[in-house]
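1. can you look at this prediction? I've put the sequence above it.
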Amino acid sequence: MNLPMVARRLLRPLLDPYRRYRHAKLIHAVRVSIGLLATILLTTGLNLPHGEWASVTMLIVIGGLQHHGNIGKKAMERAYGTLIGASVGLLLVVQQAYFGLPLLTYLLMSMVCGFFSYHAIGKGGYIALLSAITVFIVAGHGDNPISDGLWRTVDILIGIGLALAFSFALPLYAVYSWRYNLAGALRDCAQIYSRIINGQSVTDDEHLKLLNRLNAAMLQLRSLMPSVSKEVRISMTELDAIQRHLRLCISTLEILGNTRPDPRDEQAMARMQVMLKAEHRQIRVQLVGMARALRSGVTERLERSNLLPAGEAEFGKTPIYTMLDGYRLLTIQLAENVNAMRGVLVKHSGQWKI
């Protein structure tokens with residue numbers, strides 16, 4: 001964004017992705033409030049009948065959604081549902097005016113809404129449900145004037161348009177939440193790994209707290225993936241690969257914590273530190289490096305590979321004779337998994353560092 005230096009300094013709190021992520025709820029609340037004020041002023045200023053439906057639509061489309069990727073999808077579904085439901089509602093009003101048979105109108109409305117309810121379960125269910133609701137908004141019980149139905153349809157479309165317009169004002173991208181939550185998870189992985197190799201307890205409250213936080217982060221990252229995919233055009237397959245690497249990292253850390261040498265055996269711990277010095281350094285450097293890159297958007301250091309020496313790859317083909325051999329093999333696998341995650345992040349860095 002090409003802005004003068006003074007303007008950039010003044011707008012820095014709003015332009016900085018991390019600050020927008022930290023204050024997402026406040027920004028969302030302010031945006032919805034201003035959007036509602038705009039719908040009220042517009043519909044009241046133009047003296048549109050039933051203008052309250054524009055405000056209701058604004059709340060439905062963006063009230064509970066803060067991520068830009070979700071808002072566009074929700075608005076399109078709302079538009080389709082409105083157009084389908086309004087068309088059906090107007091047809092019901094016309095037939096009621098022509099035939100004047102309320103029981104027939106009630107029967108037709110029930111059948112139509114039953115059809116929509118059938119399709120409301122499964123893919124496209126939101127559109128079907130909104131279509132059924134809009135039938136009643138436009139037609140009432142078949143006795144609404146046609147003009148009222150048309151005005152309500154217009155108000156709903158105005159609300160959709162304004163909701164989309166305000167979704168572009170300081171957009172709160174899901175990729176921000178995904179980046180910073182993933183960065184936090186990687187830092188927690190690095191902290192857990194440091195506790196393991198330094199002989200700290202893996203059963204105390206601090207260690208268990210870190211593991212619980214990682215499990216919660218995994219669930220949150222999974223829920224963000226569809227929106228992230230829409231926003232930055234990274235396929236769900238690639239996002240799932242990153243998720244899978246993180247899950248393997250967490251699982252391996254749990255196993256390492258339970259298979260490491262007894263911390264009271266100073267000789268075994270010292271031997272482990274010497275044997276796995278390269279792996280220890282690579283794993284910690286890459287975990288922290290990925291976290292920093294996700295946080296700052298600076299990926300130049302990530303692009304430099306930091307692989308283990310070629311001889312280490314042969315270790316995985318040798319028989320395992322002792323528990324320390326198994327521990328070393330798991331550590332090498334963890335290093336390879338972390339490096340693979342780094343590769344996927346680098347591959348798509350141009351898309352996620354918006």
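-> Sure thing, it's come through.
2. show me the helices in the stretch 251-354 of the chain, by range?
-> Along the stretch 251-354 of the chain, counting by DSSP state H, counting those that start in this stretch, helices occupy 266-275, 277-296, 310-315, 323-347, 349-352.
3. export those helices to TSV and tack on distance to His207?
-> In short, each C-beta sits where N, CA and C put it, glycine included. As requested, these are exported to TSV (distance: least, CB to CB, whole Å):
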stretch	distance to His207
helix 266-275	17
helix 277-296	16
helix 310-315	28
helix 323-347	17
helix 349-352	30
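4. which of those comes out lowest on mean pLDDT?
-> Note on these: helix 310-315 shows the lowest mean pLDDT, a mean of 44.
5. torsion angles phi and psi at Leu101?
-> With angles defined as degrees, to the nearest 10, Leu101 sits at phi -120, psi 90.
6. can you read off the pLDDT for it?
-> 86.
7. for it, give its distance to Met109.
-> In this view, Leu101 and Met109 are 12 Å apart by CB to CB, to the nearest Å.
8. give me the more crowded residue out of the two.
-> The neighbour comparison of Leu101 against Met109 (other CB atoms under 10 Å) goes to Met109, with 21 against 13.
9. and the more buried one, what does it touch?
-> The neighbourhood of Met109, defined by CB atoms under 8 Å, 6 or more residues apart in numbering, consists of Leu92, Val135, Phe136, Ala139, His141, Gly142.
10. which of those sits closest to Gln333?
-> Nearest to Gln333 out of those is Val135 (CB to CB; 57.8 Å).
11. isn't the closest one right next to Val112, touching?
-> Yes: with contact defined as CB atoms under 8 Å, Val135 and Val112 form a contacting pair (6.3 Å).
12. highest neighbour count among the contacts of Met109?
-> Using other CB under 10 Å as the neighbour test, those are led by Ala139, with 28 neighbours.
13. Ser87 is in contact with that one, correct?
-> No: assessed by CB under 8 Å, Ala139 is found out of contact with Ser87, at 10.7 Å.
14. got the contact list for Ala216?
-> Ala216 touches nothing, counting by CB under 8 Å, 6+ apart.
15. buried stuff in whatever helix or strand it lives in?
-> Counting by DSSP states H and E, the element that carries Ala216 is helix 205-232. Neighbour-count burial for helix 205-232, counted by 16 or more other CB atoms under 10 Å, picks out 207, 210-211, 214, 217-218, 221, 224-232.
16. so for it, mean pLDDT?
-> 89.
17. chain center to that helix: distance?
-> Mean C-alpha position of helix 205-232 versus that of the full chain (CA atoms, centre = their mean, to the nearest Å) differs by 10 Å.
18. thank you, goodbye.
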